[in-house]
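>>> Turn this into a structure:
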Amino acid sequence: MLTNRELASLILLGAFVIVVLAVPKMRRAVLPPSLNVLKIALTSGSLLTVWGLFLLWCAAWVALAAVIGVWNFDLLKDTIFIVVTVGFPLLFRAVQAKSGTAIVGQIGRETLALSTLLLFYLNLEPFPLWGELIFQPLVTFLVLLRFAASRRPDGKQLEGCLGVLVTVAGLGLIVWTSVQLIANSGTRDWGGTLLELALSIWLPLVMFPFFYFAAFYAAAQKITRRLRRIYKPPALRRVTLAVVLGLHLRLKWARAFLPPYEKSLLRAKKFREADRLMREFREDVESREGREADRVSQLARFAGELGVDGEGAQVDRREFEGTKRALDFLVTAQGLRYERLGSRYWDDLTELVLRPVGRYGLPAEHGIHVETTADGRRWRAWRQMPSGWHLAIGSQNGENGHYLYTGAERPTSWPGDGDEWADVVRDLELPADWTRNDRPII
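Model (predicted):
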């Protein structure tokens with residue numbers, strides 16, 4: 001039996017579909033793409049096979065749970081809900097995962113995260129139907145409006161106000177649920193509630209083996225397709241067998257087996273040769289993972305340490321790689337806009353150009369400042385690192401090259417002035433903090 005919250009969600013979803021279909025402009029924008037996606041999904045034999053096997057996998061575990069007494073027919077609705085809203089989205093993400101650990105992390109966030117457990121708690125006692133029909137659209141509107149405000153450089157104040165309203169709504173929902181649980185504690189089937197909670201945890205967890213092998217199969221299939229473009233029978237069969245066996249059913253190795261490694265197989269014509277090359281591939285991946293672990297360990301070890309190394313680079317390298325990439329991109333963005341703005345650089349597009357800043361591994365409050373001279377002919381961008389050190393970049397007069405800066409203080413001069421700035425075109429020696437390779441190894 002549907003709860004008031006679930007019934008209200010279906011009513012609102014139905015109303016939304018009706019509105020989309022009734023408004024010609026919305027119908028033209030939404031219906032054709034949706035039908036195309038549905039057509040592709042229903043005509044793809046591989047997709048239908050994977051989905052069918054996934055449903056059979058879940059059904060087998062549910063049948064086993066029924067035998068041992070942790071599942072009954074009253075949980076059918078919740079089971080379908082978990083499979084559709086948790087299982088299938090996890091399946092789509094799992095086939096892109098780089099390792100089994102990543103898949104476990106995805107499942108953990110869906111089942112054991114505090115937010116997930118809180119959502120289960122809040123769904124125990126929904127509002128009356130009329131209250132749900134008011135509450136759900138209102139909260140959805142506030143969340144969407146807050147998201148839109150967060151995307152605007154001038155929307156931080158509005159975002160904060162809307163965040164307060166969303167928090168108040170959430171607290172109100174917690175209070176309502178708690179009061180109702182206390183009031184109805186004598187009539188609630190707590191055994192059934194515990195079974196529901198257990199179902200929301202164990203059902204996603206038992207999906208892991210299927211997710212893992214589906215992801216491994218997808219990765220191995222990509223490899224074999226690429227090998228077909230390189231080899232012809234009978235060498236194709238021998239090399240493909242060596243490669244698939246050489247992956248040892250490890251998803252991380254299947255994801256790491258990229259074209260550079262495939263090129264090394266070109267000299268292999270026999271199974272034994274390909275097997276030896278696969279062993280070298282595994283050793284190389286393990287070596288790179290070890291070096292990356294050492295790099296991450298060094299970042300943690302020297303966090304907060306002052307001073308430089310033997311090459312003159314700061315020992316505390318936190319966020320150097322992301323900062324350099326972000327500042328480098330600003331050079332491109334400034335160059336593209338310089339002529340369009342009448343031979344002037346911009347200083348008001350930082351948030352737009354760097355969006356999303358997360359791709360650089362920097363926090364949302366990234367602290368990158370872009371400044372221009374009064375005539376707009378020179379610009380600089382700088383950021384203070386977590387260590388307190390400063391990196392800056394800039395250029396002048398539409399030149400192809402650019403200038404680099406490092407220092408304990410933010411730059412007060414402009415690119416081309418004095419010895420503080422290094423010209424990447426003319427100077428033979430650039431700042432060590434800029435030339436140091438801070439990129440992840442894997």
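>>> hey, C-alpha coordinates of the worst-scoring helix or strand of the chain on mean pLDDT in CSV?
When the helices and strands of the chain are scored by mean pLDDT, DSSP states H and E, helix 259-264 comes last with a mean of 74. Provided in CSV are the C-alpha atoms of helix 259-264 (Å, rounded to 0.1, in the frame of the first residue of the first chain):
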residue,chain,number,x,y,z
PRO,A,259,45.9,2.2,-25.8
PRO,A,260,49.6,2.9,-24.7
TYR,A,261,49.7,-0.6,-23.2
GLU,A,262,48.0,-2.1,-26.3
LYS,A,263,50.7,-0.8,-28.5
SER,A,264,53.2,-2.9,-26.6
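>>> Could I get the average pLDDT for the helix or strand just after that helix?
With elements assigned by DSSP states H and E, the helix or strand that comes after helix 259-264 is helix 271-301. Mean pLDDT, helix 271-301: 88.
>>> Can you mark which positions in helix 271-301 are buried?
Phe271, Ala274, Asp275, Leu277, Met278, Phe281, Arg282, Val285, Leu299 (16 or more other CB atoms under 10 Å). All C-beta atoms are positioned from the backbone trio N, CA, C, and that covers glycine.
>>> Let me know the closest of the residues you listed to Trp176.
Leu299 (45.6 Å; CB to CB).
>>> quick one: that closest one and Arg317 touch, right?
Yes: under the criterion of CB atoms under 8 Å, Leu299 makes contact with Arg317 at 5.9 Å.
>>> So what touches the least confident helix or strand of the chain?
Residues from elsewhere that reach helix 259-264 (CB atoms under 8 Å, 6 or more residues apart in numbering): Ile223, Arg226, Leu227, Ile230, Leu277, Glu280, Phe281, Asp284.
>>> Buried ones in it, by neighbour count?
Tyr261, Glu262.
>>> Can you tell me the element the residue lying farthest from the centre of the chain falls in?
What lies farthest from the middle of the chain is Gly186; by CA atoms, centre = their mean that is 44.0 Å. Assigned by DSSP H and E, Gly186 falls within no helix or strand.
>>> Please apply the same query to Leu391.
Short version: Leu391 belongs to strand 390-396, going by DSSP H and E.
>>> same question, Gly172
Using DSSP H and E, the element containing Gly172 is helix 156-183.
>>> Could you point out the helix or strand that follows that helix?
Taking DSSP H and E, what comes next after helix 156-183 is helix 190-206.
>>> roughly how far is that following helix from the heart of the chain?
Centroid separation for helix 190-206 versus its chain: 28 Å, with CA atoms, centre = their mean, to the nearest Å.
>>> and what of stretch 288-307?
With CA atoms, centre = their mean, you get 23 Å for stretch 288-307.
>>> Convert that stretch to PDB, retaining C-alpha atoms only.
The C-alpha coordinates for stretch 288-307 follow below in PDB (Å, rounded to 0.1, in the frame of the first residue of the first chain):
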ATOM      1  CA  ARG A 288      52.500   3.700 -10.600                       C
ATOM      2  CA  GLU A 289      50.000   3.200  -7.800                       C
ATOM      3  CA  GLY A 290      52.900   3.000  -5.400                       C
ATOM      4  CA  ARG A 291      54.400   6.200  -6.600                       C
ATOM      5  CA  GLU A 292      51.000   7.900  -6.500                       C
ATOM      6  CA  ALA A 293      50.600   6.700  -2.900                       C
ATOM      7  CA  ASP A 294      54.000   8.100  -2.100                       C
ATOM      8  CA  ARG A 295      53.100  11.500  -3.700                       C
ATOM      9  CA  VAL A 296      49.900  11.700  -1.600                       C
ATOM     10  CA  SER A 297      51.800  10.700   1.500                       C
ATOM     11  CA  GLN A 298      54.300  13.500   0.800                       C
ATOM     12  CA  LEU A 299      51.500  16.000   0.500                       C
ATOM     13  CA  ALA A 300      50.200  15.000   3.900                       C
ATOM     14  CA  ARG A 301      53.600  14.800   5.400                       C
ATOM     15  CA  PHE A 302      54.700  18.300   4.500                       C
ATOM     16  CA  ALA A 303      51.400  20.000   5.000                       C
ATOM     17  CA  GLY A 304      52.000  23.200   7.000                       C
ATOM     18  CA  GLU A 305      55.800  22.900   6.600                       C
ATOM     19  CA  LEU A 306      57.700  26.100   5.700                       C
ATOM     20  CA  GLY A 307      60.700  26.200   3.400                       C
END
